[in-house]
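Novice: sequence plus the predicted model coming up.
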Amino acid sequence: MHNFNVFHNDLQFKACNHAYRLQFTVGTTLREKEFADIPKFEYAFKKFSEILVGDFHADLLVDIIGVVDQMVFSQTQASLKKIIFNIRDSSGDVITCTLWESHAMKFFNCYNNFTVSELMIVLLTHARDKEGQGKYPSTVSNSWCGSKILIDDEIPDYQKYKDSFATLTLSCDSLSQGNNELSQYSNLSDDDRFFYKAEVKSFSEIAALTSAKEITCVTIGTTAMFIVGKQREYYGGCSKCTKKADLKDVSFTCKCGTYNLSSTPS
């Protein structure tokens, strides 16, 4: 390799943790040369157990390999293609993987044409680790530029990895069962899909949240009478649980048992 630049490895996402990186210029030239002691393919796979406990750097891309454990979500008809599935490594640990665009379509096509009695092994290079939120664990996804997905016999030394996964027990008895679950999800209405596996919390539970971590949940309610103030719209409610107060400017005892001298703007 001739005529290249050397920069600090300060990219937003890095393929390795070396202090420097090499960058091509318009005048860079390459010449192929064989080195017997340097393997053509070498992967340092990230352990799923380390990802689950947060033992990773969010800006450092990783390689992962595992067997498809269960399909979770499929969005292949929309303009933005997306697949979510659970993947299990040789130690039995499971993480959730999200694939986008061409990676999602390649996986989806292979999944639909796969023999149901076989394990489907997936290798994803330069994957992004994403920190978990609330009760949801950390996940991985392909990076927009740089990731490569290899499936089954596309993987170098495929038989070696196939043997290492042979004794695993999967969440789905077969890919056929996973396809049935995915088909059921695909047939949901937009409203049902919005609530699919959602955690529902009441307003009082939301008001009582003390965790500093972000969580995602949904709530359902009717519109109360709103009062237009100088800074925002609000309604009169309980100071503890924020339930709507039927009485205005008088003391009352809320259904949650809290005594209020007057309603509190909520």
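Specialist: Sure, I can see it.

Novice: state the pLDDT value of residue 96.
Specialist: As predicted, residue 96 sits at a pLDDT of 93.

Novice: how about it, nearest residue that isn't a chain neighbour?
Specialist: Distances taken as Cβ to Cβ, 6 or more residues apart in numbering put residue 139 closest to residue 96, at 4.5 Å, once the chain neighbours are dropped. No exception for glycine: its C-beta is placed from N, CA and C like everyone else's.

Novice: correct me, but the one you found touches residue 94?
Specialist: No: using Cβ atoms under 8 Å, residue 139 is not in contact with residue 94; the gap is 10.9 Å.

Novice: common neighbours of those two, please.
Specialist: Shared contacts of residue 139 and residue 94 (Cβ atoms under 8 Å, 6 or more residues apart in numbering): none.

Novice: identify the residues contacting the residue nearest to residue 96.
Specialist: Residue 139 makes contact with 95-98, 129-130, 132 under the criterion Cβ under 8 Å, 6+ apart.

Novice: quick one: which of the residues you listed has the most company?
Specialist: Neighbour counts for those were taken using other Cβ atoms under 10 Å; the highest belongs to residue 97, with 25 neighbours.

Novice: in its sheet, what does the strand or helix carrying that residue sit against?
Specialist: Secondary-structure assignment from DSSP states H and E places residue 97 in strand 94-100. When pairs are called by DSSP bridges, strand 94-100 turns out to pair with strand 82-88 (antiparallel), strand 139-142 (parallel).

Novice: off-centre distance for it?
Specialist: The offset between the C-alpha centroid of strand 94-100 and the centroid of the whole chain comes to 6 Å, using Cα atoms, centre = their mean, to the nearest Å.

Novice: buried sites along the helix or strand just after it?
Specialist: Following the chain from strand 94-100 toward its C-terminal end, the next helix or strand by DSSP H and E is helix 101-112. The neighbour-count check on helix 101-112 (16 or more other Cβ atoms under 10 Å) flags 103-104, 106-108, 110-111 as buried.

Novice: nearest to residue 236 among these?
Specialist: Using Cβ to Cβ, residue 104 is the member of these that lies nearest residue 236, at 48.2 Å.

Novice: partners of the residue nearest to residue 96 in the sheet?
Specialist: In this structure, residue 139 bridges to residue 96, residue 130 when assessed by DSSP bridges.

Novice: mind checking pLDDT for it?
Specialist: Residue 139 is assigned a pLDDT of 93 by the prediction.

Novice: one more: residue 198?
Specialist: Confidence per residue is given as pLDDT, and for residue 198 that number is 60.

Novice: which stretches of the stretch 51-200 of the chain have low pLDDT?
Specialist: 116-117, 172-200 (pLDDT under 70).

Novice: all strands of it, in order?
Specialist: Along the stretch 51-200 of the chain, counting by DSSP state E, counting those that start in this stretch, strands occupy 62-75, 82-88, 94-100, 121-130, 139-142, 148-151.

Novice: how many other residues sit next to the nearest residue to residue 264 once chain neighbours are set aside?
Specialist: Excluding its sequence neighbours, the residue lying closest to residue 264 (Cβ to Cβ, 6+ apart) is residue 239, at 4.3 Å. The burial metric for residue 239, expressed as a neighbour count using other Cβ under 10 Å, is 17.

Novice: repeat for residue 128
Specialist: With other Cβ under 10 Å as criterion, residue 128 counts 21.

Novice: give the contact list for it.
Specialist: If a contact means Cβ under 8 Å, 6+ apart, then residue 128 has 13, 58, 61, 140-143 as its contacts.

Novice: done for today, thanks.
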